[in-house]
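1. Sequence first, predicted coordinates after that:
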Amino acid sequence: MRTALVALPAFCLLLLTDGPAGGQPAPPPKDAGQTMLTVFLRHDQSKTLGEIRAHLEREGFFQKFPPPGTEVVSWYVMMGVGQVVTLRFPPEKLREVNLALEQSAWGAFRTDFYPTYDYRQIAESERKKAR
């Protein structure tokens, strides 16, 4: 699973980008060797916000998550869902990210994980071509 998680963003990026002219390989992306992961922290709606916050404080959520060596790319609150966090980190940190959530978020949130890659430059390029 870990290999698939690491390979998926790179594979998708290769499929969606055009290499330079002359058949030369495209340069590696600026975050080569990094994995991105989006985590949905879905609120346990059977609990009040005060109960959720108390749980997070008791379990040390903000001390444990995100673990050292991970970069927070974005962290949003989605009304009716909870929080959505996108992280960037070396693949070998995946276990630490998972453990930090298991040890501190479970009980306050249900968690969903999605391998993620940055599509912004590709989309902007495609929009420019379409104009």
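-> Okay, I see it.
2. quick one, helices of this structure?
-> 2-16, 49-59, 61-64, 94-104, 120-130 (DSSP state H).
3. Could you tell me the least trusted of these?
-> Set side by side, these give their lowest mean pLDDT on helix 2-16, at a mean of 42.
4. before we move on, the earlier item: among the helices of the chain, which is nearest residue 41?
-> Among the helices of the chain, helix 94-104 comes nearest to residue 41, with 8.1 Å by CB to CB. C-beta coordinates here come from the backbone N, C-alpha and C atoms, glycine included.
5. sorry, back to before: using JSON lines, lay out the helices of the chain together with mean neighbour count and distance to residue 79.
-> Shown next, in JSON lines, are the helices of the chain (neighbours: other CB atoms under 10 Å; distance: least, CB to CB, whole Å):
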{"stretch": "helix 2-16", "mean neighbour count": "13", "distance to residue 79": "28"}
{"stretch": "helix 49-59", "mean neighbour count": "14", "distance to residue 79": "13"}
{"stretch": "helix 61-64", "mean neighbour count": "14", "distance to residue 79": "20"}
{"stretch": "helix 94-104", "mean neighbour count": "17", "distance to residue 79": "22"}
{"stretch": "helix 120-130", "mean neighbour count": "10", "distance to residue 79": "24"}
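6. Dump these to CSV, plus distance to residue 40.
-> Output for these, formatted as CSV (distance: least, CB to CB, whole Å):
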stretch, distance to residue 40
helix 2-16, 16
helix 49-59, 15
helix 61-64, 15
helix 94-104, 11
helix 120-130, 20
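7. between those, which gets nearest to residue 78?
-> Using CB to CB, the helices of the chain put helix 49-59 closest to residue 78, at 14.7 Å.
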